[in-house]
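1. This is the structure alone, sequence omitted:
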């Protein structure tokens with residue numbers, strides 16, 4: 001198992017501060033706004049528009065294409081979610097937060113081709129946990145996300161569901 005040397009300098013996996021979040025990804029040095037901080041690669045899967053996700057089989061699916069409506073998905077099924085089985089990229093260890101500090105982007109990686117990546121949304125200090133806003137469709141999302149979304153909207157009444 002060979003880690004990405006760029007990621008290896010910037011982030012590490014540790015226990016997340018998120019309740020029930022398992023492992024999380026942390027900055028090991030200060031990161032500048034818009035700096036790429038992590039990559040997301042795995043098993044490539046075809047995507048059928050309009051098909052509902054089966055979140056029980058894997059909550060690690062992510063679009064490869066930026067339009068979120070065509071192309072393929074990347075997934076880390078089964079035991080590949082654990083770093084002892086897969087650590088070529090570590091983006092899958094970033095937990096969700098509506099108060100995120102990273103955003104999804106895409107990069108042409110020298111080893112993996114076109115893949116999603118995470119960029120710092122602001123200056124991030126060494127030791128901070130890295131978070132993405134997963135941006136799932138509220139009508140096609142895992143139950144934990146729907147619950148978190150409902151709570152967030154309830155606690156932030158000025159935010160509309162489609163803005164969260």
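-> Looks like it arrived, so ask away. Given the structure is predicted, the values throughout are model-derived calculations rather than measurements.
2. what residue ranges in the protein score low on pLDDT?
-> Along the chain, segments meeting pLDDT under 70 span 58, 64-71.
3. what ranges do the strands span in it?
-> In the chain, the strands defined using DSSP state E lie at 11-15, 23-27, 36-39, 43-46, 62-63, 72-75, 95-96, 102-109, 113-120, 129-132.
4. Need the ones you listed in a markdown table (columns: mean neighbour count and distance to residue 138).
-> Placement of C-beta: from N, CA and C, glycine included. As requested, the strands of the chain are exported to a markdown table (neighbours: other Cβ atoms under 10 Å; distance: least, Cβ to Cβ, whole Å):
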| stretch | mean neighbour count | distance to residue 138 |
| --- | --- | --- |
| strand 11-15 | 17 | 29 |
| strand 23-27 | 21 | 24 |
| strand 36-39 | 22 | 25 |
| strand 43-46 | 13 | 22 |
| strand 62-63 | 18 | 17 |
| strand 72-75 | 18 | 19 |
| strand 95-96 | 19 | 13 |
| strand 102-109 | 16 | 18 |
| strand 113-120 | 19 | 21 |
| strand 129-132 | 24 | 17 |
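5. Distance to residue 164 for the ones you listed - can I get that in JSON lines?
-> Formatted as JSON lines, the strands of the chain follow (distance: least, Cβ to Cβ, whole Å):
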{"stretch": "strand 11-15", "distance to residue 164": "26"}
{"stretch": "strand 23-27", "distance to residue 164": "21"}
{"stretch": "strand 36-39", "distance to residue 164": "23"}
{"stretch": "strand 43-46", "distance to residue 164": "27"}
{"stretch": "strand 62-63", "distance to residue 164": "19"}
{"stretch": "strand 72-75", "distance to residue 164": "23"}
{"stretch": "strand 95-96", "distance to residue 164": "12"}
{"stretch": "strand 102-109", "distance to residue 164": "15"}
{"stretch": "strand 113-120", "distance to residue 164": "19"}
{"stretch": "strand 129-132", "distance to residue 164": "14"}
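6. List the contacts of the longest helix seen in the chain.
-> If you go by DSSP state H, the chain has its longest helix at helix 143-155. By Cβ atoms under 8 Å, 6 or more residues apart in numbering, the surrounding residues in contact with helix 143-155 are 20, 55, 96, 98, 134, 136, 138, 141, 159, 160, 161, 164.
7. for it, the distance to its chain's centre please.
-> Offset of helix 143-155 from its chain centre (Cα atoms, centre = their mean, to the nearest Å): 18 Å.
8. List the buried residues in that helix.
-> For helix 143-155, the neighbour count (16 or more other Cβ atoms under 10 Å) marks 145, 148, 149, 153 as buried.
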